[in-house]
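**Q** Have a look at this fold, sequence not included:
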């Protein structure tokens, strides 16, 4: 059974493991990741081929690396019209959410202020030139990731959006989702090799300016290693969540949502934090009962008992809120009375699901919000992927001679303090001429 703890007794390594989750273990992967990052950087396409044949498809050939228009057309023929219509509806909802997000960003896209006479300063928001979007497909194909990342990037007006996924299968739904959402390029390469190709480029792949998307600890470690060469969105993966519950909660709903999160992979996790011992115990029993109905029982047997998933009983609503803000969940479900009111006390969460009729799968698949979210407590300093992920700010200053005169004393004084006399002369010579 999933372990059940009293919060006050949850200390030491057990507590640390629950709080840090699987992603914090990526330090041990860095040496192996560095090997492949450097190999792709130095050898290009040949390293991609070696990587793909070793880890994903032993029969892969480089002519399959970039998805062609004919292959996209073939994907449409292989998928039922009903599924295609659902994908279109899903993407239209995502586009509506991100278009509104973009409107708020670009409506304030350029501004100026005159700080003192003759000095105008301001900023403007501009899209990135290119982005690489990583779509996991090792444990399960995720067309929803393809569409939600692409929708956000295109809403941000990025001219070149390249989607990457591992060739562990054909995955026509990924191709269709990426195509409908507006991707410009799609590549069959995953894992460390994909991240390295996005960062450094190869003979077949032009490098991008920023990498976004969830993935395994190997993918996240690779993102960290190439950061600086390119931008990265955040640490994202493995999947995780936290449920806040009380005596009014439905233990069957809680159990179903634990199973839904944990079926992603053996390193996924879902924690229940509850003010009711009774509800926690009933949820514990329901998980054991309902997991028998799930097709991915092998994965569940690992993720439910991996040391990251747990049931935690607290003594008060205030203690529950404090734990939620300490845990900093990627997905946070609030299934308590006055759930919306309680949500106002949450500072640290990627996406909040409020009420018993708002399970995380709705956010994964249908509500339109972006489900590429910070994990492993990165919500304390990161935001979900969105239009903001794919734009940047450029600052500006416009000065008249009067404005330069008004700032001269500041420049002259500070340049002397710092011993950078050329700074001062760059101002004084202009005013004396």
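**A** Yep, it's here. Keep in mind the model is a prediction, meaning the values are calculated, not measured.
**Q** so where's the chain shaky on pLDDT?
**A** Applying pLDDT under 70 to the chain flags the ranges 23-25, 139.
**Q** any idea how it splits into domains?
**A** 4-21+238-368, 30-232, 400-432 (automatic domain parsing).
**Q** from memory residue 347 sits against residue 327, does it?
**A** No - using CB atoms under 8 Å, residue 347 and residue 327 do not qualify as a contacting pair, with a distance of 11.5 Å. Any C-beta I mention is one placed from the backbone N, CA and C, and that applies to glycine too.
**Q** These two: who's more crowded?
**A** Higher neighbour count among residue 347 and residue 327: residue 327, with 22 against 11, using other CB atoms under 10 Å.
**Q** residue contacts, the more buried one?
**A** By CB atoms under 8 Å, 6 or more residues apart in numbering, residue 327 lies in contact with 19, 242, 271, 273, 348, 377.
**Q** repeat for residue 374
**A** By CB under 8 Å, 6+ apart, the contact set of residue 374 is 234, 235, 236, 330, 350, 382, 383, 384.
**Q** how close does it get to residue 226?
**A** As judged by CB to CB, to the nearest Å, residue 374 and residue 226 stand 18 Å apart.
**Q** buried set for the longest helix seen in the chain?
**A** Ranked by residue count, the top helix of the chain under DSSP state H comes out as helix 81-107. Judged by neighbour count using 16 or more other CB atoms under 10 Å, the buried positions of helix 81-107 are 84, 87, 90-91, 93-95, 97-98, 101-102, 105-106.
**Q** Check which element follows it along the chain.
**A** strand 110-116 (DSSP states H and E).
**Q** Just checking: what are the partner strands of that following strand?
**A** Note on strand 110-116: by DSSP bridges, its sheet partners are strand 119-127 (antiparallel).
**Q** quick one: the strand it pairs with to helix 81-107, angle?
**A** Orientation of strand 119-127 against helix 81-107 (axes from the mean of the first three to the mean of the last three CA atoms, to 10 degrees) gives an angle of 170 degrees.
**Q** which residues are contacting strand 119-127?
**A** For strand 119-127, contacts defined as CB under 8 Å, 6+ apart pick out 105-106, 108-115, 156-159, 390-400, 403, 406-407.
**Q** of these, buried ones?
**A** By 16+ other CB under 10 Å, the contacts of strand 119-127 give 105, 106, 156, 158, 390, 391, 403, 406, 407 as buried.
**Q** how about the strands of the stretch 301-433 of the chain, start to end?
**A** Per DSSP state E, counting those that start in this stretch, the stretch 301-433 of the chain carries strands over the ranges 310-313, 329-335, 349-354, 391-399.
**Q** wait, which of the buried residues of helix 81-107 is closest to residue 148?
**A** Nearest to residue 148 among the buried residues of helix 81-107 is residue 94, at 5.5 Å by CB to CB.
**Q** how close does that closest one sit to residue 146?
**A** Distance, residue 94 to residue 146, using CB to CB: 11 Å.
**Q** shared neighbours of those two, which are they?
**A** residue 181.
**Q** if we can go back for a sec, among the strands of the stretch 301-433 of the chain, which comes closest to residue 363?
**A** Comparing the strands of the stretch 301-433 of the chain by CB to CB, strand 349-354 comes nearest, at 5.6 Å.
**Q** Thank you kindly, that will do.
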